[in-house]
Each structure stands twice: as C-alpha cells, then as structure tokens.
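Enquirer: I would like to see how this sequence folds:
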Amino acid sequence: MRRLYFLVPDVETARAIHNKLLLARIGEEHIHVIARAGIPLEDLPEATLAQQSDLIPALERGTAAGGVTGMIAGIVVLAFPPAGFALGGAAILAFGLAGAGFGALMSTMVGIGLPSSRLKKYSDSIDKGELLMMVDIPKDRIVEIDTLVKQHHPDAEIAGTEPHIPAFP
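Expert: Numbers count the residues shown, from 1 in each chain. Sure thing, here's the model as predicted:
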C-alpha cells in the first residue's frame, strides 16, 4: 500500500473526489481528509489522531531505541551479574524486549501530542483553507487514482507519496 497526498481547494471538490474514489472501489477506511479548524468536513472521513499526530514515527523510533538500550543493559547485567544470581543469554533478550516495550510506551505518549512530521510540508496549504486528502492504495493503482483526481480538479497533483503504510493505523 502507498499513501498518496492530494491538496484540493474546497469541501465540494473533496466530496466529488471522495465519491469517485468510492466508485473506484477504494474503501472509506483508506480515505482520510485534514482541514483547517473551522472548516466543516460534513460526511468526509476525517483523519484519525494517529494520522494527524507523530504517533507512528515516534512508536518506530521509541521501540528501536528502547530495544537497543535494553539489550545493552542486558549485556551489562550479564557481564556484571548481581550477587547470587546466575544469568544466561536470555537476560539479553528479556532486557531487550522490556526496553522495546517501555520505549514504545513512552514514545507514543510523547508522539501523540506532536503534530505529524510527515504532514508538516502541507501545513501552509491547510492553513490557507485547502484540504489534504490522504488515500491509501496499492502501488499499481497510483496512475489510475491520479487520473481520477485530476478529472475533478485539473490542477491537483500528487503532493507526496509514502513508501508503505503500516497495517495498524
């Protein structure tokens, strides 16, 4: 799956594109719209908190950093065992998993409060009143969806593409 970003000028254009995407068998759960505060989206699918915040990148960074830190702590504990404890190699794995879990938890709590770093380049356009449409599609349908969007808004361009979309947001 790829996420395409389209900037559209108004709610009517976004609604027309949304309806065409539905007819092209792009599910409602794969279409997300972000607008400036005060612009009513009515029946358009608004982007979720996970899509509007820095949750996913923070989760990825936190899990990796916590896992590495935990593994290093496991190696240190293995090298200098506490008195009376016989530790094996499983300590490295256990500390690594615990560190990854703790890092994921802490980083998501921070990331959910930050605006998305992936959407930063679109913030000026959104502030001017444009709507950002995010559409998750298979990579072999990129040209087809781009053509469909341009039928309703000839000036619309794919403003960006993410290489892959995680399965859980």
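Enquirer: tell me the helix or strand right after the longest helix along the chain.
Expert: Within the chain, and with DSSP state H defining each element, the longest helix by residue count is helix 55-79. Downstream of helix 55-79, the first helix or strand assigned by DSSP states H and E is helix 90-111.
Enquirer: could you give the mean pLDDT of that next one?
Expert: Throughout helix 90-111, pLDDT has a mean value of 93.
Enquirer: following that helix, which helix or strand comes up?
Expert: Next along from helix 90-111, by DSSP H and E: helix 123-127.
Enquirer: next helix or strand past that next one?
Expert: Counting by DSSP H and E, the next helix or strand C-terminal to helix 123-127 is strand 131-137.
Enquirer: span of stretch 12-31 from start to end?
Expert: 16 Å (CA to CA, to the nearest Å).
Enquirer: let me fix that, I meant to ask about stretch 35-50.
Expert: Counting by CA to CA, you get 15 Å between the two ends of stretch 35-50.
Enquirer: my guess is Thr69 meets Met106, correct?
Expert: No: using CB atoms under 8 Å, Thr69 makes no contact with Met106, being 11.2 Å away. C-betas here are computed from N, CA, C, even on glycine.
Enquirer: compare those two and say which one has the larger neighbour count.
Expert: Counted by other CB atoms under 10 Å, Thr69 and Met106 do not tie: Thr69 has more neighbours, with 17 against 14.
Enquirer: grab the nearest non-local neighbour of the more buried one.
Expert: Nearest residue to Thr69, sequence neighbours excluded (CB to CB, 6 or more residues apart in numbering): Gly99, at 4.9 Å.
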